[in-house]
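Novice: I'll drop the sequence and a predicted model, then ask my questions.
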Protein chains: 2
Amino acid sequence: MACERLTEPSAKALLKETDNFLFDCDGVLWDGRGVIPGSLETIIKLKELGKKVFYITNNSSRTREQYLEKCKQYGYPATVEEIVCTAYVAALYLRNISFKDKVYVVGNPAMGKELDQQGIRHTGIGPCPLQGTAADWIDMKLDPEVKCVLVGFDGHLSYMKIMYAATYLQNPECLFVATNEDTHLPVSNSSVRIPGTGTMVAAVKTPAQREPIVVGKPERPMFEELQKLHNLDPARCVMVGDRINSDIGLAKMCGLKSLLVLTGVTAESELPLQDDVSRTGITGKRFEADFSAATELCTSRQPVRDGGLKEFVFLPEF
Amino acid sequence: MACERLTEPSAKALLKETDNFLFDCDGVLWDGRGVIPGSLETIIKLKELGKKVFYITNNSSRTREQYLEKCKQYGYPATVEEIVCTAYVAALYLRNISFKDKVYVVGNPAMGKELDQQGIRHTGIGPCPLQGTAADWIDMKLDPEVKCVLVGFDGHLSYMKIMYAATYLQNPECLFVATNEDTHLPVSNSSVRIPGTGTMVAAVKTPAQREPIVVGKPERPMFEELQKLHNLDPARCVMVGDRINSDIGLAKMCGLKSLLVLTGVTAESELPLQDDVSRTGITGKRFEADFSAATELCTSRQPVRDGGLKEFVFLPEF
């Protein structure tokens, strides 16, 4: 089914049938230049209306507490329970399957802290530079307690780390978990391509010749762990995001409704709109009015500002 | 078509219709424990019979000169013109397309030397450790002359290198070349999984969202560059290798005949043999008699030693 623009009647219907709003963060609430206009007001209004709000991010480089700090710094009304990041979900996932062994981590300090908080033992975080040659590697010292390799964002990715991870994964009983597979990070006003966690995952998958359980969007654990904690009814949830493959993908995977904003990665030109809605000639990816328009729709005031862009696009089924 | 065992009549026919023998090295001529028995005698006998012999390896970590040294050390009669390694083929490929700009290399010193020998400018080889944060990366200094990213084996693979490579590749006019995509290196008697060049290639492909031109087996450039240099007729060439996907794959891709040995990666149990040849109960991957049997076949002496293993498997069509 094609997506449709959010109109006043559909926005009212959406509000009526939704208790829980799951917001992606980067590209939806903020970007490299700060708060995306209108997003703060939308969150505040939704909370006033008694809706539950969650902050759902694939970023594995921050703990929930660090995300909470960021939310507060920007003025978003958040509690730690409302924040769902992949470092946290990965640790929670392992706790919920009663994992008792040790984790080899290709990752960052936030992942280490989240594992610690869930009581999951791991081999530590940090650089692991190239040492020796093949003759030494063949006798490399392994930790017999390791029964899981967890891969997330790791700026210290190295050949040795990949070798350790791939070697542990030769044991079919060793779990393979990844926080997410985003190929690159969104960047505005720069031609630099910043590799995302998908890079680290691909680097381990290739020699290991195995596929990981991915906890982040669009895979199920990201929603399922939250659902368990807050007893959420998927039919009464909406996922608000800027990426079709991860955000809208999660909604489709878990039976949630979805709202796509055009303030981040996905451009309107990429969307299959319904026939009766003509495409506008928009080429850029950033529309300042997005969230203001959405807030107005949500609160049943004048739905379209400046008679122009209605940037909340409603995707009831992806 | 299924493969068939090399018998005395088929070996004689093969010798008659073949002028050029292309040998993979690791797993065919030698392995971690030294020379594979019989391989030396086979090469010498083929040369005595007036056949051309080439040493064809996907290994990108050595120059042709370094391979020549290794051949000599083991006693193989080789000249530098007979050696085809991917560091060399990548450089030759760029020279043959008259590449005049600069190459960004994710690779090793041998690749740098081969580029130098072909007069191809590059940005240098060596470690490139993590520096700064996203705020710095966005303004990273790029070399405007770079119009090719070349990826090979790199023990110093790092996040910064991947970022540079992926960023250069955002320019659609920037070539993307890889030496090979082997996922891991063959290792005997160790549970360690040593990542191959496929790891580096996957790490760059993922954020770049592009596919490279691969020069190594099973892709065409590996044979085509050799063919140009020596004016080879594919129909009168046989590729001898231990890997179905790379060695036999190259033969299939370029219209060569192929011989599979079971001294390396591929086990007999993986092969589709013709119906009239019953499988033996072999489970291991190493059969000392391989090359001796082959030599005997080639020289029309008693074809099978010990009435047992005939480990040269003939794959006329893969």
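Specialist: Looks like it arrived, so ask away. On a predicted model such as this, the values are computed, not experimentally measured, just so you know. Numbers count the residues shown, from 1 in each chain, chains lettered A, B, ... in the order given.

Novice: going forward, measure contacts between C-alpha atoms and count neighbours the same way
Specialist: Fine.

Novice: and residue A:232, what does it touch?
Specialist: A:20, A:226 (C-alpha atoms under 8 Å, 6 or more residues apart in numbering or on different chains).

Novice: now it: how far from chain B?
Specialist: Plainly put, residue A:232 is 34 Å away from chain B if you go by C-alpha to the nearest C-alpha, to the nearest Å.

Novice: does stretch A:146-156 reach chain B?
Specialist: Yes: Stretch A:146-156 is in contact with chain B by C-alpha under 8 Å from any C-alpha of the partner chain, via A:155, A:156.

Novice: where does chain A come near chain B, residue by residue?
Specialist: Within chain A, the residues that sit near chain B (C-alpha under 8 Å from any C-alpha) are A:130, A:134, A:137-140, A:155-159, A:162-164, A:166-167, A:170, A:183-184, A:187, A:190-196, A:198-200, A:202-204, A:206-209.

Novice: just the buried ones out of those, please.
Specialist: For these, a neighbour count by 16 or more other C-alpha atoms under 10 Å in any protein chain shown gives the buried set as A:137-138, A:155-159, A:162-164, A:166-167, A:170, A:183-184, A:187, A:192-196, A:198-200, A:202-204, A:206-208.

Novice: what's the neighbour count on residue A:91?
Specialist: Residue A:91: 24 surrounding residues under other C-alpha atoms under 10 Å in any protein chain shown.

Novice: so it sits against residue A:113, correct?
Specialist: No: counting by C-alpha atoms under 8 Å, residue A:113 is not a contact partner of residue A:91; they are 9.3 Å apart.

Novice: would you agree residue A:84 falls within a strand?
Specialist: Yes: according to DSSP: H, G, I helix; E, B strand; the rest coil, residue A:84 belongs to a strand.

Novice: ok, and the closest non-adjacent residue to it?
Specialist: The shortest distance from residue A:84 to any non-neighbouring residue, by C-alpha to C-alpha, 6 or more residues apart in numbering or on different chains, is to residue A:56 (4.8 Å).

Novice: which of the residues of chain A next to chain B fall within helices?
Specialist: Residues of the residues of chain A next to chain B located in helices (DSSP state H): A:134, A:137, A:159, A:162-164, A:166-167, A:198-200, A:202-204, A:206-208.

Novice: what sits against the spatially closest residue to residue A:181 that is not a sequence neighbour?
Specialist: In this structure, residue A:181 finds its nearest non-sequential neighbour in residue A:198, 3.8 Å apart by C-alpha to C-alpha, 6+ apart. With contact taken as C-alpha under 8 Å, 6+ apart, residue A:198 is in contact with A:180, A:181, A:182, A:183, A:184, B:206, B:207.

Novice: do the same with residue A:50
Specialist: Contacts of residue A:50 (C-alpha under 8 Å, 6+ apart): residue A:19.

Novice: and it, how close does it get to residue A:73?
Specialist: Going from residue A:50 to residue A:73 by C-alpha to C-alpha, to the nearest Å gives 23 Å.

Novice: now swap in residue A:173 and tell me
Specialist: From residue A:173 to residue A:73 the distance is 43 Å (C-alpha to C-alpha).

Novice: repeat for residue A:55
Specialist: 15 Å.

Novice: neighbour count: those two, which is higher?
Specialist: Neighbour count, other C-alpha under 10 Å: between residue A:55 and residue A:73, residue A:55 has more, with 24 against 10.

Novice: secondary structure class for the more buried one?
Specialist: Counting by three-state DSSP, the backbone at residue A:55 sits in strand.

Novice: and if you look at residue A:78?
Specialist: Following three-state DSSP, residue A:78 is assigned to coil.

Novice: equivalent analysis for residue A:105, please.
Specialist: strand.

Novice: just the pLDDT for it.
Specialist: Per-residue pLDDT puts residue A:105 at 98.

Novice: report how many residues lie close to the closest residue in space to residue A:113 that isn't next to it in sequence.
Specialist: Distance criterion C-alpha to C-alpha, 6+ apart; nearest residue to residue A:113, sequence neighbours excluded, is residue A:63 at 7.2 Å. Neighbourhood size, residue A:63 [other C-alpha under 10 Å]: 23.

Novice: how near is residue A:63 to chain B?
Specialist: Relative to chain B, and taking C-alpha to the nearest C-alpha, residue A:63 is found at 18 Å.

Novice: now residue A:144
Specialist: 13 Å.

Novice: which of the three states applies to that residue?
Specialist: For residue A:144, the assignment made with three-state DSSP gives coil.

Novice: so for it, what's the pLDDT?
Specialist: 97.

Novice: save the contacts of residue A:198 as JSON lines, and put in pLDDT too.
Specialist: Below are these laid out as JSON lines (pLDDT from 0 to 100):
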{"residue": "A:180", "pLDDT": "97"}
{"residue": "A:181", "pLDDT": "96"}
{"residue": "A:182", "pLDDT": "94"}
{"residue": "A:183", "pLDDT": "95"}
{"residue": "A:184", "pLDDT": "93"}
{"residue": "B:206", "pLDDT": "98"}
{"residue": "B:207", "pLDDT": "97"}
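
Novice: just the residues you listed now: which is nearest residue A:83?
Specialist: Among the contacts of residue A:198, residue A:180 lies closest to residue A:83 (C-alpha to C-alpha), at 16.3 Å.

Novice: just confirm the closest one is within a helix.
Specialist: No: using three-state DSSP, the assignment for residue A:180 is coil, not a helix.

Novice: wait, isn't residue A:218 in contact with residue A:243?
Specialist: No: using C-alpha under 8 Å, residue A:218 makes no contact with residue A:243, being 10.0 Å away.

Novice: quick one: which of the two has more around it?
Specialist: Shown here are residue A:218 and residue A:243; by other C-alpha under 10 Å, residue A:218 has more neighbours (25 against 21).

Novice: quick one: the closest residue in space to that one that isn't next to it in sequence and residue B:171, what's the gap?
Specialist: Spatially, and ignoring its direct neighbours in sequence, residue A:218 is nearest to residue A:250 (3.9 Å; C-alpha to C-alpha, 6+ apart). To residue B:171, residue A:250 is 31 Å away according to C-alpha to C-alpha.

Novice: those two: which is more packed in?
Specialist: residue A:250 (25 against 13).

Novice: that one and chain B, how far apart?
Specialist: 21 Å.

Novice: so what's that residue up against?
Specialist: Counting by C-alpha under 8 Å, 6+ apart, the residues that residue A:250 touches are A:217, A:218, A:219, A:220, A:223, A:239, A:256.

Novice: wait, the residue nearest to residue A:84 sits on residue A:25?
Specialist: Yes: the criterion here is C-alpha under 8 Å, and residue A:56 meets it with residue A:25 at 6.7 Å.

Novice: for those two, indicate the residue with more neighbours.
Specialist: residue A:56 (26 against 23).

Novice: could you pull up the residues touching the more buried one?
Specialist: Residue A:56 sits in contact with A:22, A:23, A:24, A:25, A:83, A:84, A:85, where contact means C-alpha under 8 Å, 6+ apart.

Novice: change it to 10 Å
Specialist: With contacts defined as C-alpha atoms under 10 Å, 6 or more residues apart in numbering or on different chains, residue A:56 is in contact with A:21-26, A:82-86, A:216-217, A:222-223, A:226, A:239-241, A:247.

Novice: and those, which of them are buried?
Specialist: A:21-26, A:82-86, A:216-217, A:222-223, A:226, A:239-241, A:247.

Novice: how about the helices in the stretch 201-318 of chain A?
Specialist: Using DSSP state H, counting those that start in this stretch, the helices of the stretch 201-318 of chain A run over A:221-230, A:249-254, A:290-298.
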